[in-house]
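**Student:** give me a 3D structure for the following:
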Amino acid sequence: MSTLASKRPFQPNSPDAAGVVSWIHLGDLHMTKAGEQNHLDLAEIVNEVNRDFADSVSFVFLPGDVADDGSRTAYAVVRGELDRLAVPWCAIIGDHDVHQKSFANFKEAMSEETHYAFTVGDTRFLAMNAFDVPEPPSFTVSKEQLNWVEDELVLATKKEQAKVLLLHCYPSDLKIGGREVSRLVRDYDVRLVDMGHTHYNEIANDGRTLYSATRSTGQIEEGPVGFSVTNLDGNIVSWRFVELGKLPITIITSPSDERLLTESSEVPQQIMKVRAKFWSEAEALEATADLGGQTQAMTRVGDSHVWEADLPTPSEGTHPLKVSFKDAHGKVASDEIRLAVGQRTERKSQECDQDNALEAWPEHGLLGTQLGPNKNGQKW
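**Tutor:** Numbers count the residues shown, from 1 in each chain. You can find the predicted model right below:
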């Protein structure tokens with residue numbers, strides 16, 4: 001294993017040339033020892049990220065439960081692969097990371113700080129610790145950390161920055177500090193809470209904030225192994241799960257899908273800019289946007305993976321918007337969203353964050369099965 005993580009300063013990459021902030025989320029690794037399937041999968045993920053994503057994402061995020069037993073041996077396996085990454089990476093603490101009732105191994109291998117903040121473009125990220133008491137059952141955010149979070153959110157608000165929390169679990173899963181975290185999310189207009197812990201892909205939308213969880217890499221009960229890609233394009237959030245070895249893919253980054261609209265989402269003007277990001281083993285040659293049967297060629301934005309086109313905004317209602325790419329190997333990829341124009345249907349929000357989970361959206365990796373240890377799972 002490399003020397004102390006503090007010797008590896010985390011400095012995320014700037015947004016791409018189009019101004020889109022993108023990051024990759026590796027679901028809970030639950031690493032044990034070298035040669036296990038989750039180690040082999042992590043190695044292949046690193047290879048794919050280095051080959052096809054390194055010049056187009058700001059960082060890679062590990063949401064906790066990095067080491068299944070919190071041991072130095074498990075962290076050494078993880079660091080052996082992360083040290084090959086061509087993208088900056090960061091990690092937070094999960095319940096399995098404190099199985100030895102200590103932060104020592106995590107701090108040595110992953111991050112000298114148990115909670116910290118960083119900025120990418122106009123977005124402030126707060127990486128939180130859901131285990132201020134270093135014991136697996138604690139799910140505790142201390143008063144001290146809550147004060148730090150609020151100070152950070154106040155400052156980010158003054159700077160007119162978007163705000164994203166990186167947290168191991170839903171705020172409602174916290175046994176101590178959960179109500180306070182939920183209040184801060186609401187009071188300071190947090191755009192997104194990006195999480196692990198569930199072991200399945202899920203997005204919840206309470207009308208103000210989005211909550212995204214990505215499938216475990218080490219303990220999978222639904223679907224194949226992979227990782228998620230999240231994008232912030234202005235105030236628009238887009239998310240998609242990427243199955244390992246299944247490139248090319250594309251994600252429409254603007255406008256928003258109707259399912260991801262919140263109070264702060266931008267309303268399309270008379271002329272609407274459609275933007276999409278494309279990843280493949282080969283360069284994109286052409287891209288088109290199709291809205292209501294009208295097809296428009298898209299152009300690449302500078303030296304980025306983003307392509308865009310201006311389209312007239314359609315009449316009030318919900319319309320399918322599809323973007324398609326073709327790469328130099330002749331492979332094609334498409335993404336389709338539901339574009340809502342005009343009067344929005346008021347979202348009936350439940351008080352508990354995770355009760356606002358979206359229904360299945362298989363095209364983006366949401367199976368709606370909730371197969372994991374925290375709801376319907378049995379194995380773990």
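**Student:** need the contact list for Arg338.
**Tutor:** 257-259, 318-321 (CB atoms under 8 Å, 6 or more residues apart in numbering). Using the backbone N, CA and C atoms, a C-beta is placed for each residue, glycine as well.
**Student:** out of the residues you listed, which two sit at the greatest distance?
**Tutor:** Maximum pairwise distance among the contacts of Arg338 (CB to CB): 14.0 Å, between Arg259 and His319.
**Student:** isn't Ala76 up against Glu108?
**Tutor:** No - assessed by CB atoms under 8 Å, Ala76 is found out of contact with Glu108, at 10.0 Å.
**Student:** would you map the helices across the chain?
**Tutor:** Assigned by DSSP state H, the chain shows helices spanning 37-52, 72-82, 104-109, 143-158, 178-187.
**Student:** the spatially most central residue of the chain pairs with what?
**Tutor:** Geometric centre of the chain, nearest residue: Thr230, 4.4 Å, by CA atoms, centre = their mean. When bridges are called by DSSP bridges, Thr230 pairs up with Trp23, Trp239.
**Student:** quick one: low-confidence parts of the stretch 201-350 of the chain?
**Tutor:** 265-268, 343-347 (pLDDT under 70).
**Student:** low pLDDT regions in the stretch 1-150 of the chain?
**Tutor:** Ranges of the stretch 1-150 of the chain meeting pLDDT under 70: 1-8.
**Student:** would you map the strands across it?
**Tutor:** Using DSSP state E, counting those that start in this stretch, the strands of the stretch 1-150 of the chain run over residues 21-25, 59-62, 89-91, 116-120, 123-127.
**Student:** for these, could you give me CSV that also reports distance to Pro9?
**Tutor:** What follows is these, written out as CSV (distance: least, CB to CB, whole Å):
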stretch, distance to Pro9
strand 21-25, 18
strand 59-62, 13
strand 89-91, 11
strand 116-120, 11
strand 123-127, 14
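**Student:** turn those strands into JSON lines, including distance to Arg275 and mean neighbour count.
**Tutor:** JSON lines is the format used below for these (distance: least, CB to CB, whole Å; neighbours: other CB atoms under 10 Å):
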{"stretch": "strand 21-25", "distance to Arg275": "12", "mean neighbour count": "25"}
{"stretch": "strand 59-62", "distance to Arg275": "21", "mean neighbour count": "24"}
{"stretch": "strand 89-91", "distance to Arg275": "26", "mean neighbour count": "22"}
{"stretch": "strand 116-120", "distance to Arg275": "18", "mean neighbour count": "17"}
{"stretch": "strand 123-127", "distance to Arg275": "17", "mean neighbour count": "22"}
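**Student:** count of neighbours near His329?
**Tutor:** His329: 12 surrounding residues under other CB atoms under 10 Å.
**Student:** same question for Thr299.
**Tutor:** Thr299: 10 surrounding residues under other CB under 10 Å.
**Student:** swap in Lys158?
**Tutor:** Lys158 has 8 nearby residues by other CB under 10 Å.
**Student:** over to Ser349?
**Tutor:** 15.
**Student:** Pro255 now?
**Tutor:** Using other CB under 10 Å: Pro255 sits among 26 other residues.
**Student:** also the one 3 residues further on?
**Tutor:** As a burial measure, Glu258 scores 16 neighbours (other CB under 10 Å).
**Student:** hang on, it packs against Ile337?
**Tutor:** Yes - at 7.4 Å, Glu258 counts as touching Ile337 under the criterion of CB under 8 Å.
**Student:** picking up where we left off before, wait, the residue nearest to the centre of the chain touches Ala213, no?
**Tutor:** No - assessed by CB under 8 Å, Thr230 is found out of contact with Ala213, at 11.4 Å.
**Student:** quick one, strands of the stretch 151-300 of the chain?
**Tutor:** 162-167, 192-195, 202-205, 210-213, 226-233, 236-243, 249-254, 271-279, 284-291, 294-297, 299-300.
**Student:** need those in JSON lines with distance to Asp97, can you?
**Tutor:** Converted to JSON lines, these look like this (distance: least, CB to CB, whole Å):
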{"stretch": "strand 162-167", "distance to Asp97": "14"}
{"stretch": "strand 192-195", "distance to Asp97": "15"}
{"stretch": "strand 202-205", "distance to Asp97": "21"}
{"stretch": "strand 210-213", "distance to Asp97": "17"}
{"stretch": "strand 226-233", "distance to Asp97": "19"}
{"stretch": "strand 236-243", "distance to Asp97": "23"}
{"stretch": "strand 249-254", "distance to Asp97": "30"}
{"stretch": "strand 271-279", "distance to Asp97": "30"}
{"stretch": "strand 284-291", "distance to Asp97": "39"}
{"stretch": "strand 294-297", "distance to Asp97": "48"}
{"stretch": "strand 299-300", "distance to Asp97": "41"}
